[in-house]
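J.: Below is the sequence, then the predicted model.
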Amino acid sequence: MTCYDEETTTPSVTPSPRPESPVSGSASPVVDLFKPYYKSHRYLHRSEVGSDPDILDPCSCRTYSGGYTVTEQSSPVSDRWSSAVNLFVPQTRASDPDSVSGHHRKGIYSSPHDSSRPGPHPDTGTGTSTSSGGPFRDSHERTNEAIDVGIGGGGVDDVSSGAVYTTVRIAELPGLEIISGLLSHELQQQLVVDTVREYLPPKEHLTNLDVHYHVPRPFNIFDDDVELIHKIPAKPPLTMSEVRAKKLRWVTIGGQYNWTTKVYPSLTPGTDGFPFFPPRLANLLSSIFKIKCEAAIVNFYSPGDILSPHQDVAELAKADLVSVSLGCDCVFYVGKTRDSKPLPILLRSGDIIVMGGDSRFAYHGVGRVWPDTCPSFLTDFDPGFDRQLYRSWVANKRININVRQML
Ligand SMILES: O=C(O)CCC(=O)C(=O)O
């Protein structure tokens, strides 16, 4: 891993030392074109993003003029997805009349132009625009059109009416999709709760902390009565508030990728002894994406953390990689190779990046996580555990659920 600065708290255990991909063609890059972006965005304020034409905002693509060819499509949400969502969100929460529920009911899906989000409101003007030569239409206009005429798209085959989501594609990066508006607020809440309740606790689910500490299992990051004892007796323990504040960087679920040997376990997914992959999450994602969910890394970012550019090449499968963003906003970089100009993308809570096809092995990384940008629907609800602790933890966190098919 190349670390561009000292901001990453635990560089030796951050999830980025990926091997070089055979598809990149070159051994080590001659010129690293990602590096200047990390440097220049390091102190970029969130309010400045809207006026930076070099950063693609999936909610207002027409302001982008950074050189990539951007197209945007609105699509109705499918019945298949609605059913998967209803299975995912427990009935008690789904039946809350003030919240969301129900098949096809409007409001189950968050708007890609969510007005409850912090930061500048996206541009909802009308008309036809071009990025660097690629025509696209304003997403608001397309959204209405999609509702009115009920056209499909984005691989959805069983089309329902009402809810829509948007897919942004980049001509120079075929197979890359940025999807907004597919995950309702309630679904995002449930994913964050599941991260704490289901993904972190099992002893099979290793975290970056396991390298140096005895992590108590089931691991409960809100249990302030316990400390994590250092494996070297002379070293001080870690308090749970330090864990929450910055020290916890990732947990692996399902097939446990070994960051030292850089291989997945030899066990076949689904056979005895293979670590548990949460079935509801698998069902949810595989209902719409071309992936068998077998392994995932859940990344936890605090403001100041970065993830250096890398490729994800450990998986034998060429299936899509599906990456879900929750919590604070960030700038995500993606480029074909390390020495091609990366595309900076503003990611918000609920956005999904799909890396498939020719972009499955693209270089990517995270350059900046903005403090105080976690949407209120993720901070102000009852998560079922200590509300104060939860709130102060999530308010400045970005959580990324990065799901892969191994074989
Ligand atoms: O946090 C993200 O959006 C990307 C994470 C990632 O690239 C990875 O875990 O390999």
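T.: Cool, got the structure.
J.: which ones are touching the closest residue to the ligand within the chain?
T.: Residue nearest to the ligand within the chain (C-beta to the nearest ligand atom): Asn400, separated by 3.3 Å. (C-beta placed from N, C-alpha, C; glycine too.) Counting by C-beta atoms under 8 Å, 6 or more residues apart in numbering, Asn400 makes contact with 298-299, 301, 323-326, 366.
J.: low-scoring stretches of this protein, by residue?
T.: Regions of the chain meeting the criterion pLDDT under 70 cover residues 1-29, 90-162.
J.: can you pull out the helices in the stretch 251-400 of the chain?
T.: For the stretch 251-400 of the chain, the helices defined by DSSP state H, counting those that start in this stretch cover 279-286, 376-379, 387-394.
J.: Convert the C-alpha atoms of the last one to PDB, please.
T.: Backbone C-alpha positions of helix 387-394 (Å, rounded to 0.1, in the frame of the first residue of the first chain) are rendered in PDB as follows:
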ATOM      1  CA  ARG A 387     -28.800   6.000  21.600                       C
ATOM      2  CA  GLN A 388     -26.200   8.600  22.800                       C
ATOM      3  CA  LEU A 389     -23.200   6.300  22.100                       C
ATOM      4  CA  TYR A 390     -24.600   5.300  18.800                       C
ATOM      5  CA  ARG A 391     -25.300   8.800  17.700                       C
ATOM      6  CA  SER A 392     -21.800  10.100  18.600                       C
ATOM      7  CA  TRP A 393     -20.300   7.200  16.800                       C
ATOM      8  CA  VAL A 394     -22.200   7.300  13.600                       C
END
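J.: list the buried ones in it?
T.: 389-390, 393-394 (16 or more other C-beta atoms under 10 Å).
J.: could I get the residues you listed as CSV with distance to the ligand?
T.: Shown next, in CSV, are those (distance: C-beta to the nearest ligand atom, whole Å):
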residue, distance to the ligand
Leu389, 24
Tyr390, 21
Trp393, 17
Val394, 16
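J.: which pair in these spans the largest distance?
T.: Leu389 and Val394 (9.7 Å; C-beta to C-beta).
J.: so how far is Asp224 from the residue of the chain most remote from its centre?
T.: For the chain, the residue at maximal distance from the C-alpha centroid (C-alpha atoms, centre = their mean) is Ala234, at 37.3 Å. Using C-beta to C-beta, to the nearest Å, Ala234 is found at 24 Å from Asp224.
J.: for Asp372, same thing?
T.: For Asp372, the distance to Asp224 - C-beta to C-beta - is 24 Å.
J.: likewise Val164?
T.: Taken as C-beta to C-beta, the span from Val164 to Asp224 is 43 Å.
J.: and what of Ser308?
T.: 32 Å.
J.: With neighbour numbers in mind, choose between the two.
T.: Ser308 (23 against 14; other C-beta atoms under 10 Å).
J.: Was I right to think that one contacts Tyr363?
T.: No: contact criterion C-beta atoms under 8 Å: Ser308 and Tyr363 do not qualify, at 9.8 Å.
J.: which residues sit in contact with Lys336?
T.: Here Lys336 is in contact with 172-173, 359, 362-363 (criterion: C-beta under 8 Å, 6+ apart).
J.: Recalculate using a threshold of 10 Å.
T.: Taking C-beta atoms under 10 Å, 6 or more residues apart in numbering, we find Lys336 in contact with 23-24, 172-173, 176, 342-343, 358-359, 361-363.
J.: now Leu238
T.: Here Leu238 is in contact with 209, 212-215, 227-230, 247-248 (C-beta under 10 Å, 6+ apart).
J.: Any quick PyMOL command for the buried ones out of those?
T.: Typed into PyMOL, the line below selects the buried ones among the contacts of Leu238, using 16+ other C-beta under 10 Å:
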select buried, resi 209+212+213+215+227+228+247+248
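J.: which ones among the contacts of Leu238 are found in strands?
T.: Applying DSSP state E to the contacts of Leu238, the entries found in strands are 213-214, 227-230.
J.: Get me the contact residues on the protein for the ligand.
T.: Contact residues (C-beta under 6 Å from any ligand atom) of the chain with the ligand: 15, 297, 299, 307, 312, 323, 332, 364, 366, 400, 402.
J.: These, buried ones only, as a ChimeraX selection?
T.: Selection command for ChimeraX covering only the buried members of the residues of the chain next to the ligand, criterion 16+ other C-beta under 10 Å:
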select :15,297,299,307,312,323,332,364,366,400,402
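J.: now the strands for the stretch 51-200 of the chain?
T.: 70-78, 128-130, 135-137, 159-170, 176-180 (DSSP state E, counting those that start in this stretch).
J.: ok, and the closest non-adjacent residue to Val215?
T.: Leu209 (5.3 Å; C-beta to C-beta, 6 or more residues apart in numbering).
J.: coming back round to it: tell me, what's touching Leu389 and Val394 both at once?
T.: Common neighbours of Leu389 and Val394, counting by C-beta under 10 Å, 6+ apart, are 244, 383.
J.: and Asn220, how many neighbours?
T.: With other C-beta under 10 Å as criterion, Asn220 counts 16.
J.: Run through the residues that contact it.
T.: Contacts of Asn220 (C-beta under 10 Å, 6+ apart): 196-197, 200-201, 226, 240, 385.
J.: State the pair within these that is farthest apart.
T.: Greatest spatial distance in the contacts of Asn220: Arg197 and Val226, 16.9 Å, computed using C-beta to C-beta.
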